[in-house]
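Trainee: Return atomic coordinates for the entry below.
(one chain, ligands or ions: 1)
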Amino acid sequence: TGAVTYDPGFMNTANAKSAITYIDGDAGILRYRGYPIEQLAEHSSFLEVSYLLIYGELPTQQQLTDFDNVTRRHTLLHEELRDFFGGFPRDAHPMPVLSSAVSALSTYYPDSLDPFNKDHVERSTYRMLAKVPTIAAYAYKKSIGQPMLYPDNNLTLVENLIRGCFGVPAEQFELDPDMVKALDTLLILHADHEQNCSTSTVRLVGSSQANLFASVSAGINALYGPAHGGANEAVLGMLRQIQSGDVSPEAFMEKVKNKEAGVRLMGFGHRVYKNYDPRARVVKGLADDLLAKLGGDDELFDIAQRLEQKALEDDYFIERKLYPNVDFYTGLIYKAMGFPEKMFTVLFALGRLPGWIAQWREMIEDPSTKIGRPRQLYIGEPERNYPGA
Ligand code: CMC
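Mentor: Presented below is the predicted three-dimensional model:
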């Protein structure tokens, strides 16, 4: 065998050729299929961005209507899958519930499992886009002990998600248009980010020809970690700790800089961005607007802004090119919308779903795809004899 390259964390290894997302981390640029993220966040919708990522071009009005209809038609879960939620403990974190339920979709849809059959791939795409918001809402309802609401197919996916989380059967539910728009924008910002940890996981699992449900379920588990999607939840924990007076912002920053017990400024730093994360700029603008409208927690927002200010002026962060990432302010917005902290990463997963699907499909269609199988540098014992052998 030839020499292998040791590259922990794949810092310098490209595992895919991709035409989906472009990032220039030094300049702070992010584009989906060539379109700047700022323009998509302002003018597009999550549904349209999903289409763009998956099919490569913006849809015509007719294509968008068809895509909307077909995804709306698939929002229901199989009744037996509904029962599945009863098996989890009452206080179950919704991320493992989400990944388990998505994995279980493979058992209900044998007509959607063949990665090389175009109809199967289309069906699993629609089913996934339509059912994951329903699963997310069920996982939330389970965690608070309220009845699960069947989706209403007169509503968009984002509207159904909000109603599914905050509606109750006993009352008419009023959607807040500001909240719908803001959540739609946040989902756009999360929709793809090239070969991040969860997307690489989806590709790696899919490279063994595992079906889309199985591959995405693996991606959801990768996203669960606090160094990845779990950061939005961890940011709030950090802000609360400071708010409670346990530690002052100054003392917290000292701990971070001294690397005490691995404490990091959560929501800061990125493998690729060595500049302000362009998504974080949009989120900061949304936070300013929305917290005023929805009445967010001003004290936590103040603490976040103070931390950001301190970090941007501090040599430790300047030398390492650490800037706020997309998750620094998202948690505050989700909180103002009424989502509990454990739902934050679920919202990230919903946003990333079209990206995972697009990347999985691109991989399946690429004739140069090979099963993902990294090498290693063996550092263990040389051959030795079993006692008595
Ligand atoms: N606070 C303090 N120091 C940090 C931070 C931080 N948030 N991030 C990186 N550093 C330091 C790190 O200690 C290292 O210092 P040194 O050179 O002295 O050893 C240097 O910066 C480089 O860090 P790294 O860990 O080698 O960089 P990485 O590319 O492996 O890690 C990261 C990227 C995002 C995992 C990391 O910045 C981090 O842990 N951030 C906090 C968690 C977070 O906000 N994650 C969300 C990322 S954005 C959403 C997503 O894509 O999931």
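Trainee: burial count for R281?
Mentor: Using other CB atoms under 10 Å, R281 has 17 other residues around it. Where you see a C-beta, it was placed from the backbone N, CA and C, and this is true even at glycine.
Trainee: per-residue pLDDT, K293?
Mentor: On pLDDT, K293 comes in at 83.
Trainee: T185 versus the residue lying closest to it once chain neighbours are set aside, what's the distance?
Mentor: Nearest non-adjacent residue to K293, counting by CB to CB, 6 or more residues apart in numbering: D178, 5.4 Å away. Separation of D178 from T185 (CB to CB, to the nearest Å): 11 Å.
Trainee: Comparing these two, which residue is more hemmed in?
Mentor: It is T185, of D178 and T185, that has more neighbours when counted by other CB under 10 Å, with 22 against 13.
Trainee: The more buried one: what's its closest spatial neighbour, skipping adjacent residues?
Mentor: Nearest non-adjacent residue to T185 (CB to CB, 6+ apart): A41, at 5.3 Å.
Trainee: Tell me how many other residues surround the one you found.
Mentor: Residues near A41, counting by other CB under 10 Å, number 21.
Trainee: That one: helix or strand, and which one exactly?
Mentor: Here A41 sits within helix 37-43, counting by DSSP states H and E.
Trainee: Report the mean per-residue pLDDT for that helix.
Mentor: 97.
Trainee: do stretch 261-271 as well
Mentor: Mean predicted lDDT for stretch 261-271 stands at 91.
Trainee: Residues contacting it, please?
Mentor: 9, 11, 25, 196, 226, 231-232, 234-235, 237-238, 252-253, 255-256, 277, 307, 311, 317, 320, 322-325, 327-329, 331 (CB atoms under 8 Å, 6 or more residues apart in numbering).
Trainee: Return the members of the residues you listed classed as buried.
Mentor: 196, 231-232, 234-235, 238, 252-253, 255-256, 277, 307, 311, 317, 322-325, 327-329, 331 (16 or more other CB atoms under 10 Å).
Trainee: Could you point out which residue ranges in the protein have low pLDDT?
Mentor: 1 (pLDDT under 70).
Trainee: Just the residues contacting the helix holding A41, thanks.
Mentor: With contacts defined as CB under 8 Å, 6+ apart, helix 37-43 is touched by L30, R31, Y32, V49, L52, T185, I188, L189, P278, R279, R281, V282.
Trainee: Could you do stretch 102-112 as well?
Mentor: By CB under 8 Å, 6+ apart, stretch 102-112 touches 78, 80-81, 84, 113, 119-121, 123-124, 127-128, 131-132, 135, 211-214, 216-217, 220.
Trainee: from the residues you listed, which would you call buried?
Mentor: Buried members of the contacts of stretch 102-112, scored by 16+ other CB under 10 Å, are 81, 84, 113, 120-121, 123-124, 127-128, 131-132, 135, 211-214, 216-217, 220.
Trainee: thinking again about what came up before, does the residue nearest to K293 sit in a helix or strand, and which one?
Mentor: Assigned by DSSP H and E, D178 belongs to helix 177-190.
Trainee: which ones are touching A234?
Mentor: P226, M266, G267.
Trainee: let's see 10 Å
Mentor: G225, P226, A227, R264, M266, G267, D327, G331, E341, F344, T345 (CB atoms under 10 Å, 6 or more residues apart in numbering).
Trainee: Backbone dihedrals for the nearest residue to the last one once chain neighbours are set aside, please?
Mentor: Here the nearest residue to T345 in space, its sequence neighbours aside, is G229; by CB to CB, 6+ apart that works out to 4.5 Å. When read as degrees, to the nearest 10, the backbone of G229 gives phi -70, psi -30.
Trainee: Strands of the protein, start to end?
Mentor: 21-24, 29-32, 35-36 (DSSP state E).
Trainee: Nearest to A336, out of those strands?
Mentor: Proximity to A336 (CB to CB) singles out strand 29-32 among the strands of the chain, at 24.5 Å.
Trainee: That closest one: which residues count as buried?
Mentor: L30, R31, Y32.
Trainee: Repeat that for stretch 36-50.
Mentor: I37, E38, L40, A41, S44, S45, F46, L47, E48, V49, S50.
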